[in-house]
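1. Let's see this in three dimensions:
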Amino acid sequence: MENNHALINPFEALVSNAIARPLVEHIYTADPAAHVWNGRIYIYPSHDIDAGIPENDNGDHFDMRDYHVLSMASIDGEVTDHGVALSVKDIPWAGRQLWDSDAANKNGKYYLYFPLKDKEDIFRIGVAVSDRPEGPFTPEPEPIKGSFSIDPCLFKDSDGEHYMYFGGIWGGQLQRWYKGKYDPTGPFPNANEPAIPPFVAKLSDNMLGFAETPKAVTIVDRAGNPLLASDEERRFFEASWMHKHNDKYYYSYSTGNTHFLCYATGNNPYGPFIYQGKILTPVIGWTTHHSIIEFNNKWYLFYHDCTVSGGKTHLRSIKVSELKYNDDGTIQTIHPYGDLSPVW
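-> The predicted model follows:
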């Protein structure tokens, strides 16, 4: 008798067992930064395209050229694509490669923050402004002074102050700033040294720059020791996000090449943050990138995987799943494919 179980494609089994559907499939989207404004969810994702560039650890195959803004009135409702909000061709200081973006609003204005390689091929972070959350956005003529690397996350604290968390190693160039200034050779710490940290800076009142020199964000274990460079299942790689729950600061991030979303908690926006655990186990694709919001008294995790593209790591699709807390404030780990998981 034929064993039908042997005919099951492992990839198809993962996709069929996924707990969340892609929010849109007419374009490839990744790195979803979600915010609730005016009673509606606005999502600021990357826009993936297939540029025909071979994959490498520098991420040259992620040749993103514009941003679309998505919105939805409910988690299960229709998703509106508001079209191109900002294009690389309209940014005066552009070199190449837009990466993950985020947005903020203040006094009726909306601000889109984006990483982009300048004409010297160094990642800087720029800002563009609009009167509407969906854009279109008009970029400032120069990047934010003192900015570097990728993955800006904008966090508005309870007192109204805005902070930007940012940084990403490997293709995100954070290792090139490891010694405090730009070094194109990009040295990494030794395995027994503290891992390369992300950074945080309070924003200026006009939201167009830093109000201070960016500070390193320290992630420590429960004994207060900084996570080491060799601790690849827990150390920071990219994809900062900050949110508050019951007055506690939750800093979350991607471990990159080990494919986890992890989180750490602290008592103020600067940390240090104590490592707590994993939010999301590995997805189909090289890694994932996320945001966390509260909407209608529930919490949600927005993330991406590569199920729609058949596992092509540079063609991703955003998803959303409910996020739940335990009574002690820890986050319940989400397994995106149930009992199945990708094999790395």
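2. Can you get me a residue count around the residue nearest to Glu120 when sequence neighbours are not counted?
-> Take Glu120 and drop its neighbours on the chain: the residue closest to it by C-beta to C-beta, 6 or more residues apart in numbering is Gly95, 7.1 Å away. From N, CA and C alone the C-beta is placed, and that goes for glycine too. Counted with other C-beta atoms under 10 Å, the neighbours of Gly95 add up to 15.
3. and what of Pro10?
-> Pro10: 10 neighbours (other C-beta under 10 Å).
4. Find me the pLDDT at it, would you?
-> The pLDDT attached to Pro10 in the predicted structure is 70.
5. who's in contact with the residue nearest to Glu120?
-> If a contact means C-beta atoms under 8 Å, 6 or more residues apart in numbering, then Gly95 has Leu116, Lys117, Asp118, Lys119, Glu120, Asp121 as its contacts.
6. mind listing what the third one touches?
-> This points to Asp118. So, once contact is read as C-beta under 8 Å, 6+ apart, Asp118 ends up touching Trp93, Ala94, Gly95, Arg124, Pro143.
7. ok, so of the residues you listed, who is nearest Leu112?
-> Each of the contacts of Asp118 was checked against Leu112 using C-beta to C-beta; the closest is Pro143, at 13.1 Å.
8. and the end-to-end length of stretch 102-120?
-> Start and end residues of stretch 102-120 are separated by 23 Å (C-alpha to C-alpha, to the nearest Å).
9. Ignore what I typed, I meant stretch 303-323.
-> Using C-alpha to C-alpha, the two ends of stretch 303-323 sit 12 Å apart.
10. Stretch 133-152 now?
-> Between the opening and closing residues of stretch 133-152 lies a distance of 17 Å (C-alpha to C-alpha).
11. quick one on the thing from earlier: tell me how far the residue nearest to Glu120 lies from Pro184.
-> Look at Gly95 and Pro184: by C-beta to C-beta, to the nearest Å, they are 15 Å apart.
12. just Thr265 next, same as before
-> Computed with C-beta to C-beta, the distance linking Thr265 and Pro184 is 36 Å.
13. Pick out whichever of these two has more residues nearby.
-> Between Thr265 and Pro184, counting by other C-beta under 10 Å, Thr265 is the more crowded of the two (18 against 9).
14. Which residue comes closest to Glu134 once chain neighbours are left out?
-> According to C-beta to C-beta, 6+ apart, the nearest residue to Glu134 is His82 (3.8 Å).
15. ok, residues contacting the helix or strand hosting that neighbour?
-> Per DSSP states H and E: His82 is located in strand 79-87. Contacting residues not belonging to strand 79-87 are listed as 23-24, 26-27, 65-72, 112, 114, 128, 130, 134-137, 139 [C-beta under 8 Å, 6+ apart].
16. Check these for burial and list the buried ones.
-> 23-24, 66-72, 112, 114, 128, 130, 134-137, 139 (16 or more other C-beta atoms under 10 Å).
17. element containing the most centrally placed residue in the chain, please.
-> The centre of the chain sits closest to Ala239, judged by C-alpha atoms, centre = their mean, with a distance of 3.6 Å. Using DSSP H and E, the element containing Ala239 is strand 238-245.
18. Can you list the buried residues in that strand?
-> Residues of strand 238-245 classed as buried under the neighbour-count rule (16+ other C-beta under 10 Å) are Glu238, Ala239, Ser240, Trp241, Met242, His243.
19. quick revisit: right, and the residue nearest to the centre of the chain touches Ser291 too?
-> No. Here Ala239 does not reach Ser291: they are 9.3 Å apart, not a contact under C-beta atoms under 8 Å.
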